[in-house]
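Participant: I'll drop the sequence and a predicted model, then ask my questions.
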Amino acid sequence: MSFYSLTHQDKFCKARLGKVATEHGEFETPCFMPVGTSGTVKAVSPRELNEMGAKIILSNAYHLFLRPGTEVIKKAGGLHKFMSWDKPILTDSGGYQIFSLALLRKISKDGVEFQSHIDGKKHFLTPEDVVGVQVDLGSDIMMPLDECVHYPCAKDHAEVAMEKTIDWANRSKKALSEKPCPHGYRQNLFGIVQGATYEDLRKDCARRLVDMDFDGYSIGGVSVGEPRELIYNIMDFVVDMLPREKPRYLMGIGLPENILKGVESGVDMYDCVIPTRYGRYGTAFTSEGKIAITNAPYIEDFHPLDPECDCYCCKNFSRAYLRHLFNVGEILGLHLVSMHNIYFFLEIMRKAREAIAVDRFVEFKREFLGKYNRDEN
């Protein structure tokens, strides 16, 4: 069984259709992965994710390592059983969280020492340790420990971080080959391309990772403060460095316009906390753009969030009711809007795949964004 199969490429751009096969099922690409950082997609149950058509979710090794601890999850039979999700799971290494959330951290060639953002307890993790954590979790796809730098970043600093990322990737691949999954199935490891905004560093990193022959490749270190056009330039440049026969994952990019630009450039996989984070604060994504449901204009608006959407929320509840739920502090409101947002993102990807299949992705993107951004034009 091939891990990734490229099934079609649009004739007029680099957008492509593919299929990824894991021990917990297949999923089609391009795809969006709802984020379940701590073993749960916030405010949404696995049953609801199934009903909405989610085929893969993302969890975070850093957060699960700290709470409840990987030993607990291993004893439960792995993360799939622990959280009652029988489809594929991708786990992020937690490298970004270590560098952004930890109270104090010291980076060396051996690994990272950090203090937990939860209780201040000190930990030290090597790339081999991070692979071991994800092996115990039993994820289908795992990310190696990498060093992500913020924007702007001096080139010499970016180069040091890139070299460390490459070394850690090599060590991670070796560690996985020596540590079979205790849950009895094959796990897949992606390489992460770093190099900040420097094309020569990105090219060198991609070339060396491709030589190591990972199961797939991620574009890391984007959306860390740089302008949108610079993100797009990095993405376009890196994609051309990656093999066609392997899946490509753009880490942490999550607004519809960003995702569709990525699809047009040939990226296959996306994740972001935006759908549920925005949903918890009353912002809904609709075919005509974002709306803040707590605003006064919706007091007597008895239309659905999005008349073009057939999710459970839009088929059963009005904007006025949803506004009421948020204003009286009822958690049903954040649950419903979070569900709607995830459904909306999954539908974007489903429609994108349909458009690619008939070589009209460029038209689909133009039509979608023309309506979605209408109030901004």
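Facilitator: That came through fine.
Participant: residue closest to the middle of the protein?
Facilitator: residue 271 (2.0 Å; CA atoms, centre = their mean).
Participant: where does this protein have low pLDDT?
Facilitator: Low-confidence segments of the chain, defined by pLDDT under 70: 1, 102, 375-377.
Participant: repeat that with 50
Facilitator: Counting by pLDDT under 50, the chain shows low-confidence ranges at 377.
Participant: which strand residues bridge residue 284?
Facilitator: residue 291 (DSSP bridges).
Participant: give me the neighbour count for it.
Facilitator: Other residues within reach of residue 284, judged by other CB atoms under 10 Å, total 25. Using the backbone N, CA and C atoms, a C-beta is placed for each residue, glycine as well.
Participant: identify the residues contacting the helix or strand where the residue nearest to the centre of the chain lies?
Facilitator: Assigning secondary structure by DSSP states H and E places residue 271 in strand 269-272. Residues from elsewhere that reach strand 269-272 (CB atoms under 8 Å, 6 or more residues apart in numbering): 29-35, 58, 90, 216, 247-255, 259, 262.
Participant: strands of the stretch 151-300 of the chain, start to end?
Facilitator: Along the stretch 151-300 of the chain, the segments classed as strands by DSSP state E, counting those that start in this stretch run 188-193, 216-219, 248-250, 269-272, 283-286, 289-292.
Participant: same for the third one, what does it pack against?
Facilitator: This means strand 248-250. strand 216-219, strand 269-272 (3 or more CB pairs under 8 Å, 6 or more residues apart in numbering; DSSP states H and E).
Participant: and those: which comes nearest residue 186?
Facilitator: strand 216-219 (13.4 Å; CB to CB).
Participant: ok, the closest one: who's next to it in the sheet?
Facilitator: By DSSP bridges, strand 216-219 pairs with strand 188-193 (parallel), strand 248-250 (parallel).
Participant: take the ones you listed and write them to JSON lines, including mean neighbour count.
Facilitator: Below are the strands paired with strand 216-219 laid out as JSON lines (neighbours: other CB atoms under 10 Å):
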{"stretch": "strand 188-193", "mean neighbour count": "26"}
{"stretch": "strand 248-250", "mean neighbour count": "27"}
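Participant: got those as a markdown table, with distance to residue 40 columns?
Facilitator: A markdown table is the format used below for those (distance: least, CB to CB, whole Å):
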| stretch | distance to residue 40 |
| --- | --- |
| strand 188-193 | 23 |
| strand 248-250 | 22 |
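Participant: among those strands, which is nearest residue 319?
Facilitator: Closest among the strands paired with strand 216-219, using CB to CB: strand 248-250, at 32.2 Å.
Participant: in helices only, show me the contacts of strand 269-272.
Facilitator: 259, 262 (DSSP state H).
Participant: now the buried members of the contacts of strand 269-272.
Facilitator: By neighbour count, with 16 or more other CB atoms under 10 Å, these hold 29-35, 58, 90, 216, 247-255, 259, 262 as buried.
Participant: circling back: I'd like the strands of the stretch 151-300 of the chain written out as CSV, with distance to residue 126 added.
Facilitator: Formatted as CSV, the strands of the stretch 151-300 of the chain follow (distance: least, CB to CB, whole Å):
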stretch, distance to residue 126
strand 188-193, 15
strand 216-219, 20
strand 248-250, 23
strand 269-272, 25
strand 283-286, 40
strand 289-292, 42
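Participant: list the buried residues in the top helix by length along the chain.
Facilitator: If you go by DSSP H, the chain has its longest helix at helix 331-357. For helix 331-357, the neighbour count (16+ other CB under 10 Å) marks 333-349, 352-353, 355-356 as buried.
Participant: ditto for stretch 154-169
Facilitator: 158, 159, 161, 162, 163, 164, 165, 166, 168, 169.
Participant: one step back: note down every partner strand of the strand holding residue 271 and its orientation.
Facilitator: By DSSP bridges, strand 269-272 pairs with strand 31-34 (parallel), strand 248-250 (parallel).
Participant: give me the distance from it to the chain's centre.
Facilitator: Distance, stretch centre to chain centre, for strand 269-272: 3 Å (CA atoms, centre = their mean, to the nearest Å).
Participant: just the endpoints, please. Distance across stretch 307-316?
Facilitator: Using CA to CA, to the nearest Å, the end-to-end distance of stretch 307-316 comes to 11 Å.
Participant: how about stretch 145-156?
Facilitator: Span of stretch 145-156 from end to end, CA to CA: 20 Å.
Participant: just the C-alpha atoms of the next helix or strand after the longest helix of the chain, please, in CSV.
Facilitator: Counting by DSSP H and E, the next helix or strand C-terminal to helix 331-357 is helix 361-372. Backbone C-alpha positions of helix 361-372 (Å, rounded to 0.1, in the frame of the first residue of the first chain) are rendered in CSV as follows:
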residue,chain,number,x,y,z
PHE,A,361,-9.5,25.4,-9.7
VAL,A,362,-8.3,28.8,-10.8
GLU,A,363,-11.9,29.7,-11.6
PHE,A,364,-13.2,28.3,-8.3
LYS,A,365,-10.7,30.3,-6.3
ARG,A,366,-11.6,33.5,-8.1
GLU,A,367,-15.3,32.9,-7.7
PHE,A,368,-15.0,32.0,-4.0
LEU,A,369,-12.8,34.9,-3.1
GLY,A,370,-14.8,37.3,-5.2
LYS,A,371,-17.8,36.6,-3.0
TYR,A,372,-16.0,36.0,0.2
